[in-house]
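K.L.:
coords please:
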Amino acid sequence: MRFTIITLATLASSAAAVGNAIIKNNCPQTIYAWSVGGDIGPKQTIGTGKQYSEQLHRDPKSGGIALKMTKVNDGLWTGAPEQIFSYSLDGALVWYDLSTVFGEPFSGQHIKVTSEGGPTIDWPKGTNPGGSQVKVGNSEKNVVFTACA
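P.N.:
A predicted model of the protein is given here:
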């Protein structure tokens with residue numbers, strides 16, 4: 001009986017393990033990011049060679065999360081071009097994609113999203129190369145947006 005309880009507890013804890021959404025900044029300028037779901041999280045300032053990380057989670061209001069990035073301080077509030085790295089946690093899966101609004105802040109710079117064992121989203125010129133950008137991977141793995149890859 002004790003063995004069964006320990007086994008069930010171990011399975012429950014491993015089933016709850018999820019990866020992280022990570023923004024890596026390899027660009028020569030600072031990136032500003034906000035985690036947006038039903039609410040807007042605090043501004044994250046990501047300097048050259050730095051990264052921002054948050055545990056993959058499901059927003060109770062909107063379902064998904066959009067990590068909105070600008071190259072302008074407070075750009076979320078000024079209409080600056082935004083790079084949007086979105087994800088939606090769905091049990092053992094995480095759906096992720098890239099899009100832009102108000103312009104393409106990384107135009108001319110290589111950006112990509114990777115996930116161990118999952119498909120890559122690759123924008124070699126920092127602009128949408130066309131086609132669907134939605135991918136799906138294992139929610140236990142990190143999903144990484146890299147600026148200036």
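
K.L.:
burial count for Lys24?
P.N.:
Residues lying near Lys24 (other Cβ atoms under 10 Å) number 19. From N, CA and C alone the C-beta is placed, and that goes for glycine too.

K.L.:
Roughly how far does Lys125 sit from Val94?
P.N.:
26 Å (Cβ to Cβ, to the nearest Å).

K.L.:
wait, Phe145
P.N.:
According to Cβ to Cβ, Phe145 and Val94 sit 13 Å apart.

K.L.:
Ok, Asn138 next?
P.N.:
For Asn138 relative to Val94 (Cβ to Cβ), the value is 7 Å.

K.L.:
Ser107 too?
P.N.:
27 Å.

K.L.:
try Ala21
P.N.:
8 Å.

K.L.:
Could you name every residue contacting both of the two?
P.N.:
Here Ala21 and Val94 have Leu56, Tyr87, Val143 as joint contacts, going by Cβ atoms under 8 Å, 6 or more residues apart in numbering.

K.L.:
could these go into TSV alongside pLDDT and secondary structure?
P.N.:
Below are these laid out as TSV (pLDDT from 0 to 100; DSSP: H, G, I helix; E, B strand; the rest coil):
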residue	pLDDT	secondary structure
Leu56	97	coil
Tyr87	97	strand
Val143	98	strand
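
K.L.:
would you list every one of the strands in this structure?
P.N.:
20-25, 31-36, 44-46, 51-55, 65-70, 82-90, 93-101, 111-115, 121-123, 135-138, 143-147 (DSSP state E).
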